[in-house]
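**Student:** This is the structure alone, sequence omitted:
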């Protein structure tokens, strides 16, 4: 492939990353999930001594997963990676994991809006190679451009003004508030018949390892917590609203709108260009009420796909 070589194994010490690697694909994050069992693959630009693409699989019982336990894994790559190199890299990776005895591959993608060019190529190439979309979820993202209220529909603008008139305050909180926020969000979810996908102990473990990436926000009326959110700085461009909820006693104020305004303000302050509101699904089916709410906030629908392939 000319200047590009494909590498199976940990990144050599003399090679530097030259792409925006998501938190969930970094070695420290992956090793928190499991200290062993990882198979890593990279595209290396030989002349520049840089890695321009990478993917990591956890292999167990002949199944290769990217990621193990995270919102997504899949390929991270430089924005200008040639399409043919990406396709040939996928072929290389498949060949190498088959040599390792893998019989099934599962690749969970980020929302397509994170990197539209990359995702358009990846999704097409994986289908070309015989993968199938085993799961499809609808996410929603807000491009961070202009003022937050410019993204809102008229009803949510009214709710935002109402929140301001009610003296709500959105605060970024210190890491020692994690337990309080988690229990608040869990209780609020249970009020609506939902639960949380991760136990507190697991979130605490990663939040303590990455305090600069796991951000805590609370919305208060006076000193009363009425809404809370746990957000993740995924990469140099994206803030992900991982968990959020509000006390149903404050439904009339719709404090989550005020919370999202606080997240949007954080993105503006720190030059993040995309606010990911997360997916909207319950037991594999769309949660239309939640999805419509996110779109009223200015969220743009974006697919989040999981691909699978079984080798005969």
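**Tutor:** On my side now, so go ahead. Not measured: the values here are computed from a predicted model.
**Student:** Which residues does the helix or strand harbouring residue 245 contact?
**Tutor:** Per DSSP states H and E, residue 245 falls inside strand 238-246. Contact with strand 238-246 is made by 71, 114, 182, 184-185, 188-189, 196, 215, 219, 226-234, 254-256, 259-260, 263, 266-267, 272-278, as judged by CB atoms under 8 Å, 6 or more residues apart in numbering. All C-beta atoms are positioned from the backbone trio N, CA, C, and that covers glycine.
**Student:** starting at the chain centroid, how far to that strand?
**Tutor:** Counting by CA atoms, centre = their mean, to the nearest Å, strand 238-246 is centred 10 Å from the centre of its parent chain.
**Student:** So which elements touch the helix or strand following it?
**Tutor:** Downstream of strand 238-246, the first helix or strand assigned by DSSP H and E is helix 255-269. When contacts are defined as 3 or more CB pairs under 8 Å, 6 or more residues apart in numbering; DSSP states H and E, helix 255-269 packs onto helix 154-165, strand 168-173, strand 214-221, strand 224-233, strand 238-246, strand 274-279.
**Student:** Can you point out the buried residues in helix 255-269?
**Tutor:** For helix 255-269, a neighbour-count test (16 or more other CB atoms under 10 Å) marks 255-264, 266-268 as buried.
**Student:** Kindly report the same for stretch 272-285.
**Tutor:** Those would be 272, 274-281, for stretch 272-285 by 16+ other CB under 10 Å.
**Student:** Let me have these in a markdown table, adding distance to residue 41 as columns.
**Tutor:** Formatted as a markdown table, the buried residues of stretch 272-285 follow (distance: CB to CB, whole Å):
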| residue | distance to residue 41 |
| --- | --- |
| 272 | 28 |
| 274 | 26 |
| 275 | 31 |
| 276 | 26 |
| 277 | 31 |
| 278 | 28 |
| 279 | 27 |
| 280 | 32 |
| 281 | 30 |
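**Student:** show me where the protein has helices.
**Tutor:** Assigned by DSSP state H, the chain shows helices spanning 27-33, 83-99, 116-128, 154-165, 178-191, 200-209, 255-269, 288-296.
**Student:** And the second one, what does it pack against?
**Tutor:** Put plainly, it is helix 83-99. The contact analysis (3+ CB pairs under 8 Å, 6+ apart) places helix 83-99 against strand 4-8, strand 38-45, strand 50-60, helix 116-128.
**Student:** Ok, which of the ones you listed comes nearest residue 23?
**Tutor:** strand 50-60 (12.5 Å; CB to CB).
**Student:** Relative to residue 214, how far out is the closest residue to residue 261 other than its chain neighbours?
**Tutor:** Of all residues not flanking residue 261 in the chain, residue 148 sits nearest, at 4.9 Å (CB to CB, 6 or more residues apart in numbering). Per CB to CB, to the nearest Å, residue 148 is found 22 Å from residue 214.
**Student:** ok, now residue 109?
**Tutor:** Counting by CB to CB, the gap from residue 109 to residue 214 is 22 Å.
**Student:** what's next to the helix or strand bottoming out on mean pLDDT in the chain, contact-wise?
**Tutor:** Sorted by mean pLDDT, DSSP states H and E, the helices and strands of the chain end with strand 281-282, the least confident at a mean of 82. Here strand 281-282 makes contact (CB under 8 Å, 6+ apart) with 137-138, 194, 287.
**Student:** Now with 6 Å, please.
**Tutor:** The contact list for strand 281-282 (CB atoms under 6 Å, 6 or more residues apart in numbering) reads 137, 287.
**Student:** so what strands line up beside that strand?
**Tutor:** According to DSSP bridges, strand 281-282 forms sheet pairs with strand 285-286 (antiparallel).
**Student:** hmm, back to that, and residue 109 and residue 214? Which one has more around it.
**Tutor:** Between residue 109 and residue 214, counting by other CB atoms under 10 Å, residue 109 is the more crowded of the two (25 against 20).
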